[in-house]
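1. Using only what follows, build the 3D model:
(one chain, ligands or ions: 2)
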Amino acid sequence: MTRHAYRPDALIATDIDAYLARHQEKSLLRFLTCGSVDDGKSTLIGRLLYDARAIFDDQLSSLEADSKRVGTQGANIDFALLVDGLAAEREQGITIDVAYRFFATDRRKFIVADTPGHEQYTRNMVTGASTADLAVILVDARKGVLTQTRRHGFLAHLLGIRHIVLAVNKMDLIGWDQSAYDAIVADFAAFGTSIGMGQAVAIPISGLGGDNIASRSANTPWHDGPTLLDHLETVSIDSDDASPAAFAMPVQWVNRPNLDFRGFAGTVAGGSVRPGDRVRIVPSGRTSHVARIVTQGGDLDVAVAGQAVTLTLTDEVDCSRGDVIAAADDPPVVADQFAATIVWMDETPLLPGRGYWLKSGATTVSASVRAPEYAIDVNTLQHLSVKTLGLNDIGVADVQADRPIPFAPYADSRVLGGFILIDKLTNATVAAGMIEHALRRSQNVHWQAIEITREAHAAQKGQAPKLLWFTGLSGSGKSTIANLVEKKLHALGRHSFLLDGDNVRHGLNRDLGFSDADRIENIRRVGEVARLMTDAGLIVLTAFISPFRAERELVRAMLPEGEFVEVFIDTPLAVAEARDEKGLYAKARSGEIANFTGISSPYEPPEHPDIRIDTQRMSAEDAAELIVDRIVGMWMPVI
Ligand SMILES: Nc1ncnc2c1ncn2[C@@H]1O[C@H](COP(=O)(O)OS(=O)(=O)O)[C@@H](OP(=O)(O)O)[C@H]1O
Ligand SMILES: Nc1ncnc2c1ncn2[C@@H]1O[C@H](COP(=O)(O)OP(=O)(O)O)[C@@H](O)[C@H]1O
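-> Ligands and ions are numbered 1, 2, ... in the order given. Predicted structure coming up:
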């Protein structure tokens, strides 16, 4: 990037306050550029910054330093606003390779999400698009509209970006051929219409030569539209807010500096609010009235969508981070199951049934995705029948959260309807999702209040329930040892039950095989059944390979702290294979059995098992003895 292009505004040195004040009054346009590596994206952004005499982000820090040097107060105001916006994105867990560049012209301020030459454009687009007002879709004039172009258009539309610019780049390389340009524009327009996207603004450009970027090009006398910068500076974004008309504000944090003040801070997601308005806290449903709208610059009479404020209420109602304060008569829906459009962004495909963290605004819950109803072919817009979603796939699937969350359909609110999925082990953001609607079934199932509690069941049996979860390779010794443990428990007069492959895979789970998704579902169901049995006061033993850490942790999380005891039957593959009681390893090696654990399907050993048994050093009998000894102490403290 050409640094010498930067020409500092004289005001920065002479009157920083005036400079910042001038900037603060300008509207802000957030946009992103989409294109493949060689479509000329970086050149375009470089050119734009150069021609706009832009402020580079590193120069913003020198601006800050300058402000300090001149000794003025309040020099941060404008900057803080920008930084806040980015912090919010970071809090969404989206901290990937997107560089945000800030620049300003006389007419407007801009933040451009720059995603330099990255293969994972879907991820970058989703990241940049979460708050973008406008997308510049780059097309190489020589190549025309490609699958990738359609995908960018589709994603931009899906993510709720209302303004699309089709920048047909490298026009110089096709001799400024108007008919070729028109054909590309018509092609894209036809696609846009088929997905219900508004008309894109098309501009013939050359990033390299600067044609139609900041100034009109003599090479395109036939182009009567704006230059790119013109359009960016003048496009009207005021009326675009997709947010619902009714007031809603997700609570980002509760501000309680002293006993006399309790404020709920957040950004208004939709509608407006005034002191005196009746509001409802969702999901609790409690109502109150707004007392004050507090900001650093003083109290407000009204706050509207996009404003960051702190509300105080007239009553001492319970309200915490992740709750939504909403118009009392029109609050967001609360549900734990929804249909959603999901954009998968990770190399590892979606595992239906696996628990991911679902983050929506300030709310984080555990959630799983069912097998997709379909994936979308972005070229033909056909619905494809698929079992999972891989990198860059877009599909529709039902999502099940482990507790109800407030939401609005994405079409009504990007804030309340958008979410990301995070892998619980790697912490990677694996998908972005848009909620379509709640599933009715989630609203009609209610917990039945049970009068005989789990404590009562346990007390009657005179024991504290436990789940002894045996995990290990096939042939490691899980069943052998679990059987011996149960025998000993039985002899000690304890109430127990052993669940293993034989009594589960032939009955409850006879519809499941050994794909990753089926194993996940197998373990989820076993976990649920085992949990019910602990509710009944039993000491439950399970003997399943349970190869994935994530599902073992999922089951642990289903139970009260300390009730899940992970017993790792640590037998190396070579030893289990040498035993090969059932001849399965031989079959797996010869390819007769697919997806065999340890051979052609992974086993993730526990990192911190509660009990580890090395079967090479310990007989099955001794192992059982040790396990019973270890848990004896655990079951004595009966309620
Ligand atoms: N492909 C493949 N991979 C692993 N195991 C296979 C497979 N096909 C059949 N079997 C037999 O099924 C038993 C494992 O079932 P699990 O329910 O414990 O597996 S899992 O937890 O869902 O991974 C396992 O029993 P154990 O030997 O008792 O572990 C095998 O006998
Ligand atoms: N120390 C040991 N602990 C458990 N099993 C052992 C041990 N040493 C040898 N074995 C043998 O290994 C085999 C384990 O099979 P099994 O218990 O069915 O394993 P899994 O349930 O893990 O597939 C049995 O034949 C068992 O006798």
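2. Quickly check: the helix or strand containing L498 near ligand 1 or not.
-> Assigned by DSSP states H and E, L498 falls within strand 496-500. No. Residues of strand 496-500 are not located near ligand 1 by Cβ under 6 Å from any ligand atom, the shortest gap being 7.1 Å. C-beta here means a position set from N, CA and C on the backbone, and glycine is covered the same way.
3. what comes into contact with the following helix or strand past that strand?
-> On the C-terminal side of strand 496-500, the closest following helix or strand by DSSP H and E is helix 501-505. Identification of contacts with helix 501-505 by Cβ atoms under 8 Å, 6 or more residues apart in numbering yields 479, 512, 522, 525-526, 529, 543-544.
4. chain center to the helix or strand following helix 501-505, what's the gap?
-> Under the assignment DSSP H and E, the closest C-terminal helix or strand after helix 501-505 is helix 516-535. Chain-centre distance of helix 516-535: 25 Å, with Cα atoms, centre = their mean, to the nearest Å.
5. Return the set of buried residues in helix 516-535.
-> 516-524, 526-527, 529-531, 533-535 (16 or more other Cβ atoms under 10 Å).
6. from the contacts of helix 501-505, which single one is nearest ligand 2?
-> S479 (3.3 Å; Cβ to the nearest ligand atom).
7. Let's have the contacts of helix 501-505 in TSV, adding pLDDT and distance to ligand 1.
-> Formatted as TSV, these follow (pLDDT from 0 to 100; distance: Cβ to the nearest ligand atom, whole Å):
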residue	pLDDT	distance to ligand 1
S479	96	5
L512	92	7
N522	96	4
R525	95	10
V526	97	8
V529	96	13
A543	97	7
F544	97	4
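8. Kindly indicate which of these lies nearest A620.
-> Distance to A620, by Cβ to Cβ, is smallest for S479 among the contacts of helix 501-505, at 10.0 Å.
9. okay, now the closest one: neighbour count?
-> 19 (other Cβ atoms under 10 Å).
10. What's the separation between it and A218?
-> 82 Å (Cβ to Cβ, to the nearest Å).
11. Ok, A328 next?
-> Counting by Cβ to Cβ, the gap from A328 to A218 is 61 Å.
12. and the two? which has more neighbours close in?
-> Shown here are A328 and A218; by other Cβ under 10 Å, A328 has more neighbours (18 against 8).
13. strand partners of the strand holding L498, parallel vs antiparallel please.
-> In the sheet containing strand 496-500, its partner strands are strand 539-543 (parallel), by DSSP bridges.
14. Just list the residues touching M197, thanks.
-> 153, 156-157, 164.
15. Which helix or which strand is home to the residue of the stretch 351-500 of the chain at minimum distance from ligand 1?
-> Relative to ligand 1, the nearest point of the stretch 351-500 of the chain is S474 (3.3 Å; Cβ to the nearest ligand atom). Counting by DSSP H and E, no helix or strand carries S474.
16. quick one: D187 and P331, what's the gap?
-> 44 Å.
17. Neighbour count: those two, which is higher?
-> Neighbour totals were compared for D187 and P331, and P331 leads with 22 against 16 (other Cβ under 10 Å).
18. my read: that one touches V324, true?
-> Yes. Shown here, P331 and V324 form a contact pair, counting by Cβ atoms under 8 Å, at 7.3 Å.
19. anything in contact with each of these two?
-> By Cβ under 8 Å, 6+ apart, P331 and V324 have these common neighbours: 248, 282, 406.
20. List the contacts of G322.
-> Per Cβ under 8 Å, 6+ apart, neighbours of G322: 250-251, 361-364, 405.
21. and which of the residues you listed is nearest D177?
-> Once Cβ to Cβ is applied, the member of the contacts of G322 that ends up nearest D177 is G361, at 47.7 Å.
22. From the recorded domain assignment, give the ranges for the protein.
-> For the chain, automatic domain parsing gives the domain ranges 9-236, 248-327, 335-439, 456-635.
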